[in-house]
Every structure is written in C-alpha cells, then in structure tokens.
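Asker: no FASTA, just this:
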Ligand code: PBG
C-alpha cells in the first residue's frame, strides 16, 4: 500500500499519545461533594455508595486538607439534617448556627484557600424530601424561592465562596443574586444546577441524606430526560439571571447536553457525575467486571471531552490520586 495518511502514526507510543492528547484531566477540575453529619469523630459508611462516607465536621476538615494537598480546589457541601429539625419550610436551613453554616466556617478557618460551595435546596431539611415547600400535592415555586434566597445569603454570610442551587425552581437565580447584592455579598458566586434532570441515578444520594421524596417524584421541577433544547433554554436563562457557573446533571447519560451547552455559553460549565453513576462503577468493579481505576479516568475524561470545565464527582479524591501518580 502507498497511503498518504496513516492515522496510527500518532498512536504508536505512550509519548506520542500524550503529545497529541486533546483532553487532559487535572485535580483542579474536580469538585468533591462532601456529606456532613453532627457529632465528633463520626465517619459513617453509606451502603449504596461503597467507599463514601458521611463525616462530622472535624473529620470533614481532615478530608478537605487531604483533598487540598492532592490538588483538588473545591468542595460541595451537603448536610444530613436530624429528623426532628425537618419541617415543610426548611426553617433549619436558615439557622445561622445550623450544621451547614458551622461546617462552612470551620472549613474556611482550617483551609482558607479551598473553594467552598454549598448545596441550596430544601430536600435535606424537608419532612417531605422535596426541594421546595409543599402545599397539598404541589411544590410551590415562589414561596420556595424566598427560602432559597435566604438560605443562600446565610451560606454566603457564613463564608461560602459559591452557592449551588440544585432545586430547579423558576427565578431562583435572580432572587439569589438580588439578595446577595442587597447585602453586600459581592464576592459570592452562584453555580446554578441549570439543566438538572429528573433522574433515577440520584437514588444512592437520597439514601446518603435520607432525603427521598415522601410522595410523588420531582418531575414537576426537574427536567424530563427526553429534552435537549429545553436544557439550553434553562441554562441561558440562568446566565441572564446571574449564574457564574452552570451545571448539567447527571453527567454520563447526558454528555450530549454538556456539549450542546458548552457550545452555547461563555461561562464555565460543570457536570455532576452523580451518586448512581458512582455506584455503578463501584458495583461492577467489586464484582471484578471492570477495572475501577481505568473506569474512573475514562469516565472523567469523557465528561471533560464532552465540554465540562469542572466535574463534581465522588471520585474526586481517587482521580486526583491517580493523576498525581
Ligand atoms: C437535591 C440534590 C440531589 C442531588 C444533589 N442535590 C438529589 C435530588 O435532586 O433528588 C443528587 C446528587 C447525586 O445523586 O449524587 N437537591
């Protein structure tokens, strides 16, 4: 044969492949979600998230310091609220001495440079496990947005660098920006879960926080997985309303959406590799059916290649260790 182009030339050796690789992961690409519980010296395994834990603030700080040394630069905080503090309006979410607010302060005191992002939604605080206030069988939008704005301000005042509303209510980004501006919080960013789908892949997370919806599902606020154009609409609106970073969630089953959005916007795009996506890899690896470390790096690279600038993932620490090796 006399070929003009031999594509295998660029795949011949590890050095050549590294030279022409289009997508390079780095530890700072990752956002590490952390589940926080009351107490001291507490580290509770989560049965559906093998190798992942709920930790008290003191052990969370230890974890944050380890992440920092590995090159991970941001954490996303979720708290597990005691049952007796739950109600319909998420009252505890606004408690200036609540677990979230104490966790933010403690982490920023111990590791001031790490970027602290906080989940903003009512589900961990809701007796109904819904992201908003329930009236009858409805999740009511506008009263919920008021609470989300108050919650965001409270996180900002505790020292959060970014608030991350994950609730999918209409108009919450502008409401959050407004309240931050009105209170002089001009350095607090908003990472909006803009295209968040109603997904079965959140199952293990709801075990972790005991936040499964008590009735119905989340389809009146989270997006229908049949839709692509709607994701662009949601995302562009969030940017107009003031979002600094937008997010697609889940990640692996939505790589097309990540790319679509990356092509449409000029703000950083994040993707959330969610609990069920983590659990699938863990389970298959435990069965000996795939190589966990290779699955982690291939999955993360695919998400970045699709267009994600940032990846929230329960594999943040593992991936950072692999990349530093
Ligand atoms: C709730 C929230 C969920 C996740 C992040 N924030 C679950 C849900 O919407 O029911 C899911 C994260 C995961 O599965 O890893 N506001």
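Answerer: Looks like it arrived, so ask away. Fair warning: this is a prediction, and the values are worked out from it, not measured in the lab.

Asker: and residue 116, what element?
Answerer: strand 115-120 (DSSP states H and E).

Asker: Can you give the distance from that strand to the centre of its chain?
Answerer: Put simply, strand 115-120 sits 9 Å off its chain's centre (C-alpha atoms, centre = their mean, to the nearest Å).

Asker: Quick one: name the residues of this protein near the ligand.
Answerer: 119, 121, 123, 131, 166-167, 202, 205-206, 218, 274-275 (C-beta under 6 Å from any ligand atom). Using the backbone N, CA and C atoms, a C-beta is placed for each residue, glycine as well.

Asker: Strands - which of the residues you listed land there?
Answerer: Among those, the ones falling in strands (DSSP state E) are residue 119.

Asker: quick one: which of the residues of the chain next to the ligand has the most company?
Answerer: residue 121 (28 neighbours; other C-beta atoms under 10 Å).

Asker: what about that residue, distance to residue 147?
Answerer: Residue 121 sits 10 Å away from residue 147 when distances are taken as C-beta to C-beta, to the nearest Å.

Asker: circling back to that earlier point, mean confidence score for the strand holding residue 116?
Answerer: Strand 115-120 carries an average pLDDT of 98.

Asker: measure residue 28 to residue 310 for me?
Answerer: Separation of residue 28 from residue 310 (C-beta to C-beta) stands at 9 Å.

Asker: Residue 244 too?
Answerer: Distance from residue 244 to residue 310, by C-beta to C-beta: 11 Å.

Asker: Mutual contacts of the two, please.
Answerer: Listed contacts common to residue 244 and residue 310 are residue 268; contacts here mean C-beta atoms under 8 Å, 6 or more residues apart in numbering.

Asker: Would you mark the buried spots in stretch 110-118?
Answerer: With burial defined by 16 or more other C-beta atoms under 10 Å, the residues of stretch 110-118 counted as buried are 110-111, 114-118.

Asker: What count of nearby residues applies to the closest residue to residue 153 other than its chain neighbours?
Answerer: Sequence neighbours aside, residue 179 is the residue nearest to residue 153 in space, at 5.0 Å (criterion: C-beta to C-beta, 6 or more residues apart in numbering). Neighbour count for residue 179, taken as other C-beta under 10 Å: 19.

Asker: got the contact list for residue 179?
Answerer: So residue 179 contacts 149-150, 152-153 (C-beta under 8 Å, 6+ apart).

Asker: Hmm, residue 319 and residue 296 touching each other?
Answerer: Yes: with contacts counted by C-beta atoms under 8 Å, residue 296 reaches residue 319, the gap being 5.5 Å.

Asker: State the distance from the closest residue to residue 89 other than its chain neighbours to residue 44.
Answerer: Using C-beta to C-beta, 6+ apart and skipping the chain neighbours, the partner closest in space to residue 89 is residue 133 (5.6 Å). Distance, residue 133 to residue 44, by C-beta to C-beta: 29 Å.

Asker: more crowded one of those two?
Answerer: residue 133 (23 against 14).

Asker: Go ahead and confirm the more buried one touches residue 146.
Answerer: No: counting by C-beta under 8 Å, residue 133 stays clear of residue 146, with 9.1 Å between them.

Asker: and the lowest-mean-pLDDT helix or strand in the chain, which residues are buried?
Answerer: Among the helical and strand segments of the chain, the one scoring lowest on mean pLDDT, DSSP states H and E is helix 203-209, with a mean of 91. By 16+ other C-beta under 10 Å, the buried positions in helix 203-209 come out as 204-209.

Asker: now stretch 250-262
Answerer: Quick answer for stretch 250-262 (16+ other C-beta under 10 Å): 250-252, 254-255, 257-262.

Asker: And for it, what's in contact with it?
Answerer: 194-195, 197, 199, 201-202, 225, 228, 231-232, 235, 246, 248, 269, 271-274, 276-277, 299, 302-303, 306-308, 311, 313.

Asker: and what of stretch 291-305?
Answerer: Outside stretch 291-305, the residues touching it (C-beta under 8 Å, 6+ apart) are 22-23, 25, 29-30, 251-252, 255, 258, 271, 273, 277, 281-282, 284-285, 311, 313, 315, 318-319, 322-323.
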